[in-house]
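Enquirer: Here you go, sequence then predicted model.
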Amino acid sequence: MQMPEEERNSSNTNGDGGPQGAPGRHVLQWHITHRCNLFCAHCYQDDRAAHTSAEALRETLDKYCRFLAKINCRGHVYLTGGEPLLHPAFFELAEEITRRGMAFSVLTNGTLIDLKTANRLALLHPAFVQVSLDGVGEVHDRVRGLYSFERALKGIDALTVMRIPVMVSFTAQKSNLNSFPALAKVCEQHGVKKLWWDRVVTDTPQTTEKLALSTRQFRRFVKKAARLRERYKRADGSSLISMERSLQCMDGGGCYTCHPGVNMVTILADGTVMPCRRLPFTVGNIRDGELDELLSADPTAQKLMQLPIPEECADCRYAKTCRGGAKCVTYGQTGRLFVKDVNCFYKAKK
């Protein structure tokens with residue numbers, strides 16, 4: 001599952017606490033299970049068996065709460081997987097998160113949500129539920145499995161009936177670019193609050209060749225999404241289409257700073273801690289120590305948290321916010337971490 005951009009648009013997301021001692025906001029992307037009912041073409045989850053026990057869930061939540069107290073932040077927990085609704089303790093965990101005063105959201109493929117499930121969710125007041133859609137009809141099904149689009153759409157309808165805010169995430173790759181306008185129309189028809197997109201992350205030359213966008217394709221897609229954002233503007237000035245991810249600022253979108261380890265962290269079902277789920281770097285296991293200690297002891301995590309601006313970006317007007325773009329996309333394609341985004345098309349004026 002992709003990390004949503006909803007939290008990033010809130011103030012005080014620097015992980016250092018807010019002004020005058022007010023708490024900042026921190027996001028935990030928590031993969032409570034690696035089990036899933038779908039087999040998506042671009043999935044980066046190799047292990048499909050790990051499943052966090054009820055006891056380990058409680059212990060991890062305790063440690064996350066201690067971490068939040070140390071950094072003076074409010075927590076927002078993204079429950080994901082695998083497919084999080086496959087975990088038998090999902091609703092008990094969501095209830096406990098709420099009881100402790102934290103917000104929670106759900107990142108799901110949507111196929112297991114019916115009216116009964118949506119009603120149980122509504123009683124717990126999630127901030128939003130994100131459903132992954134990678135096109136319309138057969139386009140989506142080629143990525144995620146036969147009939148998965150129809151089932152996900154039924155899940156979205158159940159959520160909107162219960163007035164739960166729904167976000168849809170779209171993973172842009174070579175095979176589905178042309179389906180984005182049709183998906184936007186479907187999302188509008190089904191009451192989706194926000195449709196956001198980001199590039200696929202690859203990890204081998206073969207998957208890069210098959211799935212990843214060229215810089216020319218990416219630039220064209222950014223322009224297309226910008227036009228759709230204007231088309232789907234609402235009376236209150238908001239838009240169905242969100243453009244708040246890396247490099248999307250160059251066509252009128254928001255300028256995004258990805259700050260792994262500072263305003264977000266990932267914990268996998270086996271306890272592995274990662275500054276960012278889309279980067280292949282781990283800092284240890286939550287069952288072996290406190291979260292702040294694991295992050296501070298790892299040199300790569302520390303450099304990611306410092307987020308240096310690449311030398312190639314020195315003359316860019318967006319450098320201080322963009323800070324080199326999507327580290328995950330560039331590292332997956334080049335094996336280099338602190339360099340200019342592989343799809344950047346910005347040219348400084350001379």
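Expert: That came through, no problem.
Enquirer: Look at residue 57 and tell me its secondary structure.
Expert: Three-state assignment for residue 57 (DSSP: H, G, I helix; E, B strand; the rest coil): helix.
Enquirer: ok, how many other residues are close to residue 197?
Expert: Residues near residue 197, counting by other CB atoms under 10 Å, number 24. Where you see a C-beta, it was placed from the backbone N, CA and C, and this is true even at glycine.
Enquirer: ok, now which ones touch it?
Expert: Contact analysis of residue 197 by CB atoms under 8 Å, 6 or more residues apart in numbering lists 169, 170, 171, 172, 180, 225, 242, 245.
Enquirer: List the beta-bridge partners for it.
Expert: As for beta bridges, residue 197 partners with residue 170 under DSSP bridges.
Enquirer: can you map out the helices along the stretch 51-200 of the chain?
Expert: For the stretch 51-200 of the chain, the helices defined by DSSP state H, counting those that start in this stretch occupy 54-71, 90-99, 115-122, 138-144, 148-161, 180-189.
Enquirer: Worst mean pLDDT among these?
Expert: Of all the helices of the stretch 51-200 of the chain, helix 138-144 carries the lowest average pLDDT, namely a mean of 91.
Enquirer: Distance from the chain centre to that one, please.
Expert: 20 Å (CA atoms, centre = their mean, to the nearest Å).
Enquirer: Name the residues of that helix that are buried.
Expert: 139, 140, 141, 142, 143, 144 (16 or more other CB atoms under 10 Å).
Enquirer: is it true that the fifth one touches residue 175?
Expert: Yes: here residue 143 lies in contact with residue 175, judged by CB atoms under 8 Å, at a distance of 7.2 Å.
Enquirer: Show me the shaky parts of the stretch 201-350 of the chain.
Expert: Along the stretch 201-350 of the chain, segments meeting pLDDT under 70 span 348-350.
Enquirer: hmm, try it at 80
Expert: Applying pLDDT under 80 to the stretch 201-350 of the chain flags residues 252, 255-256, 258-259, 347-350.
Enquirer: related to what we said a few turns ago, out of the helices of the stretch 51-200 of the chain, which is closest to residue 324?
Expert: helix 54-71 (24.3 Å; CB to CB).
Enquirer: mind listing what's buried in that closest one?
Expert: With burial defined by 16+ other CB under 10 Å, the residues of helix 54-71 counted as buried are 56, 57, 60, 61, 63, 64, 67, 68, 71.
Enquirer: ok, the residues you listed vs residue 117, which is closest?
Expert: Nearest member of the buried residues of helix 54-71 to residue 117, counting by CB to CB, is residue 57, at 19.3 Å.
Enquirer: need the contacts of residue 197 in TSV with distance to residue 161 and neighbour count, can you?
Expert: Output for the contacts of residue 197, formatted as TSV (distance: CB to CB, whole Å; neighbours: other CB atoms under 10 Å):
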residue	distance to residue 161	neighbour count
169	21	21
170	23	24
171	26	22
172	29	22
180	26	22
225	28	25
242	23	24
245	29	24
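Enquirer: ok, back up a step: reformat the helices of the stretch 51-200 of the chain as JSON lines; add distance to residue 321.
Expert: JSON lines is the format used below for the helices of the stretch 51-200 of the chain (distance: least, CB to CB, whole Å):
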{"stretch": "helix 54-71", "distance to residue 321": "22"}
{"stretch": "helix 90-99", "distance to residue 321": "31"}
{"stretch": "helix 115-122", "distance to residue 321": "34"}
{"stretch": "helix 138-144", "distance to residue 321": "31"}
{"stretch": "helix 148-161", "distance to residue 321": "32"}
{"stretch": "helix 180-189", "distance to residue 321": "25"}
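Enquirer: mind checking which of the ones you listed is nearest residue 314?
Expert: Going by CB to CB, the one of these nearest residue 314 is helix 54-71, 30.5 Å.
Enquirer: Would you convert the contacts of residue 197 into CSV that also reports distance to residue 289?
Expert: Output for the contacts of residue 197, formatted as CSV (distance: CB to CB, whole Å):
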residue, distance to residue 289
169, 32
170, 37
171, 33
172, 37
180, 43
225, 42
242, 36
245, 32
